[in-house]
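Asker: The following block contains a protein sequence and its predicted model.
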Amino acid sequence: MLGIILWYNAEKSVGLIWCEDQGPLAYIGPDVSKPEGVDDLKRGSQIWFEYDETNGFRTVRRIEAVSVVMCGTDPAKVLAKYDPPSTRSVLRVVA
């Protein structure tokens, strides 16, 4: 799955990832290994990862790749500018 790191604490090696399917956030635990050559994870980095889901809670199993796309950009500021689609219900009849 593709995701963006929303928050990461390098001292404790824990963090949260926004997932491309817009499901629950995924948790990075201290036991998750990073790909070879990646020293640290940064907020805003794009990652490809595998996860396990139990009772709606996602836990990262393995990080496959890291790409610095938005590094240094606060994802919360980007998401704050997002204009969600209208919540108005639309009924479409097709005959």
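Answerer: Thanks, I have the structure now.
Asker: what packs against the strand or helix carrying W48?
Answerer: Under the criterion of DSSP states H and E, W48 resides in strand 46-54. Here strand 46-54 touches strand 2-9, strand 57-67, going by 3 or more CB pairs under 8 Å, 6 or more residues apart in numbering; DSSP states H and E. C-betas here are computed from N, CA, C, even on glycine.
Asker: most neighbours per residue, which of the ones you listed?
Answerer: Greatest average neighbour count among the helices and strands packed on strand 46-54 goes to strand 2-9 (a mean of 18), per mean count of other CB atoms under 10 Å.
Asker: and that strand with strand 46-54, angle?
Answerer: Interaxial angle of strand 2-9 relative to strand 46-54 (axes from the mean of the first three to the mean of the last three CA atoms, to 10 degrees): 90 degrees.
Asker: ok, residues contacting strand 2-9?
Answerer: Identification of contacts with strand 2-9 by CB atoms under 8 Å, 6 or more residues apart in numbering yields 14-20, 25-26, 28, 41-49, 69-70, 75-76.
Asker: cool, and stretch 21-33?
Answerer: So stretch 21-33 is contacted by 1, 3, 5-6, 8, 12-19, 41, 49, 51, 53, 56-63 (CB under 8 Å, 6+ apart).
Asker: Could you rerun that using 7 Å?
Answerer: 1, 3, 8, 12-19, 51, 56-60, 62-63 (CB atoms under 7 Å, 6 or more residues apart in numbering).
Asker: Run the chain-centre distance for it.
Answerer: How far stretch 21-33 lies from its chain's middle: 7 Å, per CA atoms, centre = their mean, to the nearest Å.
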